[in-house]
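# sequence first, predicted coordinates after that:
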Amino acid sequence: MTETPWWSSESLWRKMAIWVTAFMVVVLIGLTFDTVRQITAGGKRVPSYSVINQKIFYEFDSERGFQVPRIGESQPLFGRILDEAEAKALVTLGKLTVQAKNCMNCHTLLGNGAYYAPDLTKAWLDPAWAHEDIREQLMLDFLQDPAGNARTFGSGRRMPNLNITEDEAQGIVAFLKWMSSIDTNGFPRGFSPLDQEDGV
Amino acid sequence: MSTNAISVEAGPLSAGQRIAMHYFVAAMILFFAQILFGVIAGLQYIYPDLFFGQLDFSVARMVHINAMIVWLLFGFMGAVYWLVEDEAGTDLVGVGLAKINFWILTAAVTVVVLVYLFVQIGPGTKTTLWLINEGREYIEAPRWADIGIVFCVLVFFYNVSATFMKGRWSGISGVLVLDLVALAGLYVAGMYFTPNISVDQHWWWWVIHLWVEATWEVLVGCIMAWGLIKTLGANRRIVTTWLYIEVAMMFGSGILGLGHHYFWIGTPEYWFTIGGFFSALEPVPLVAMVVHAVYDAGRHGFKSNNHPALAWLIAHAFGNFFGAGVWGFMHTLPQINLYTHGTQWTSSHGHLAFFGAYATINIAIIYLAIQRVRGNVWMSAELADRGWKWKWSLGLLNAGVLGMTMALLIAGYDQSFIERALEGSTWSGYFKAQQSAWFLQGMVWRMIFGWVTTAGIVLLFWDLLTIGKTEKRKIKDISVVSTLEHAPA
């Protein structure tokens, strides 16, 4: 039997496997600290929950080459100005409801989920709500009675009635408004938002 | 070191093998559930009113993907129980514990599925997340079940590692045990609630990506290495060296390849470069696995002691490369992913990758187990009925999944083009794409190939229940073949 060359020896590749894995884990942990810092609510990329008190619109950033969310003037949700704790509680109720109603197995959020129903990342700014003055009410009505207010766009795909209460519906709307303010690096591509006064 | 070949003598199954059979049976039942609910979800794309209000798409799809995750895990656990005693050269340490563990896990899975089907959703409270449904794709299992799963996996881990400690260690077992630690630990990253969807998705990918694109890949690498030794009598030193190379390349690319899920969820822009670069390297170890499997099979003249198992191992090597490697690479770069993320492209990739990388190798190991159950009978060439059932089920399942993959890819192209490139990614753009002719045709073709897949699984079950039952010949002795073929040229 001929001797195994060094480059194909078992011990060399065992060491390589260990060292490469260890190195990659260390790099990932380092990057994770920075990433979590940047995506904690209240930062530049992911605004604080009280952003739901303000107008959110999109502006083309020529340096980055895509649209980015901007925070505008005061635009209270459901006519109430909420402090950070109240806003967080409302968004939390919305997120809990989104999970409890299994929304992600029809919709995508930030592009993740199922593909049977539209992406919700920019739901708050979708032109389907026609005008910002009626948007909140339309959203509440739809969530509480999706079958009665069906918006199938001719597809025949309807959202089932999920027994969403008015409080839960308000929470979902708050969650969707807050989510639309996240800087998603231009996703979804070339989004055309609802026309709003003082901001496109 | 354990012997390469399977013994011609067939005594009763060992304790570990009997436990493994429990897992395999449960896995196959869940595999069928996966296909059944996949068929329902596929039909709902064509007939949106089907089961509306009773078994909505969200429920059918949740059971479809959860049954898949759980049957693959059951298959892996079965495979590990099947090989652990042979690889360790000793009896399983905790047989009673393993039995109880299996029944607890199976009962928990049954309760979870029944709750999915009959309770489905709850109010927007943490209680719903604890008892009914966590609402996070792939890891929807409620929190009580999460804790149960982690407990059961820890018991499983104890049993496997204690058996190796009592017996002997090898390269394969060393990699396997370390990989199981990572696999169990990562699941914990998915067990918490946060209102922040960016943070939620960030950690959710730690579970999903670092399972399916890292630790699961290494786990099947270990199973593949053992399988090649058993079906072909492949040289252990070469197989082990290949396994280390694969681990280095898999973790070397896959760990930071996680970054390709961090393009659009609020995470910083440096992930474009890191995720794009490392995920582009992810197919490399999968090429190595193909080379490894085909080289070993060819080196032994495809003379295996279990043709169905070897065929499924080869299907695994190619399925892994095309499904995870090529289909993943096609849309992994951010410039392309911007258009394809969250469309049927992902669905196309998911179907071929999960089937090609994981379903195939589980089926291969189940064929190895069935051979042993039937008394180590002949399963090489010239089977009594020409082996038409295993050959047709292999063909139908692979053609079915490949057909679904192509149909979904065409639908995905159409969706990306219309919804993203033309229509400004709005809801009306989404629905316009969903109603375009090519998309609709794609859904019909997906359904046709879904039925082909269903026919394949029915035939697979028939074959597993009957193969080798009337066979009188004993298993082919590949140790002789192996010795001859390793002789100097």
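Noted; the coordinates are in hand. Here the structure is a predicted model, which means the values were calculated and not measured.
# and chain A, split by domain according to the record?
Structurally, chain A divides into domains by automatic domain parsing as follows: A:11-39, A:49-179.
# for the shortest one, buried residues please.
This points to domain A:11-39. Across domain A:11-39, burial judged by 16 or more other CB atoms under 10 Å in any protein chain shown covers A:12-14, A:16-17, A:20-21, A:24, A:28, A:31, A:35, A:38-39. Yep, even glycine has a C-beta here, placed from its N, CA and C like the rest.
# cool, stretch B:275-292 as well?
By neighbour count with 16+ other CB under 10 Å, stretch B:275-292 contains the buried residues B:275-283, B:285-286, B:288-290, B:292.
# which of the three states applies to the residue nearest to A:Thr92 when sequence neighbours are not counted?
Excluding its sequence neighbours, the residue lying closest to A:Thr92 (CB to CB, 6 or more residues apart in numbering or on different chains) is B:Pro195, at 4.1 Å. Assigned with DSSP: H, G, I helix; E, B strand; the rest coil, B:Pro195 falls in the coil class.
# surely B:Pro195 meets A:Thr97?
No. Between B:Pro195 and A:Thr97 there is no contact under CB atoms under 8 Å: 11.0 Å.
# neighbour-wise, which of those two wins?
It is A:Thr97, of B:Pro195 and A:Thr97, that has more neighbours when counted by other CB atoms under 10 Å in any protein chain shown, with 28 against 22.
# need the nearest residue in space to that one, chain neighbours excluded.
Counting by CB to CB, 6+ apart, the nearest residue to A:Thr97 once its immediate chain neighbours are dropped is B:Gly124, at 3.0 Å.
# residue contacts, the one you found?
Contacts for B:Gly124 (CB atoms under 8 Å, 6 or more residues apart in numbering or on different chains) come out as A:93-94, A:96-101, A:164, A:168, A:171.
# would you turn these into JSON lines with pLDDT?
As requested, these are exported to JSON lines (pLDDT from 0 to 100):
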{"residue": "A:Leu93", "pLDDT": "98"}
{"residue": "A:Gly94", "pLDDT": "98"}
{"residue": "A:Leu96", "pLDDT": "98"}
{"residue": "A:Thr97", "pLDDT": "98"}
{"residue": "A:Val98", "pLDDT": "98"}
{"residue": "A:Gln99", "pLDDT": "98"}
{"residue": "A:Ala100", "pLDDT": "98"}
{"residue": "A:Lys101", "pLDDT": "98"}
{"residue": "A:Ile164", "pLDDT": "97"}
{"residue": "A:Glu168", "pLDDT": "98"}
{"residue": "A:Gly171", "pLDDT": "98"}
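# just put these in CSV and tack on secondary structure.
Shown next, in CSV, are those (three-state DSSP):
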residue, secondary structure
A:Leu93, helix
A:Gly94, helix
A:Leu96, helix
A:Thr97, helix
A:Val98, helix
A:Gln99, helix
A:Ala100, helix
A:Lys101, coil
A:Ile164, coil
A:Glu168, helix
A:Gly171, helix
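# name the nearest of those residues relative to B:His316.
A:Gln99 (34.5 Å; CB to CB).
# check contacts around the closest residue to B:Ala357 other than its chain neighbours.
The shortest distance from B:Ala357 to any non-neighbouring residue, by CB to CB, 6+ apart, is to B:Asn320 (4.1 Å). Applying CB under 8 Å, 6+ apart, we find B:Asn320 in contact with B:217, B:220, B:286, B:289-290, B:353, B:356-357, B:360.
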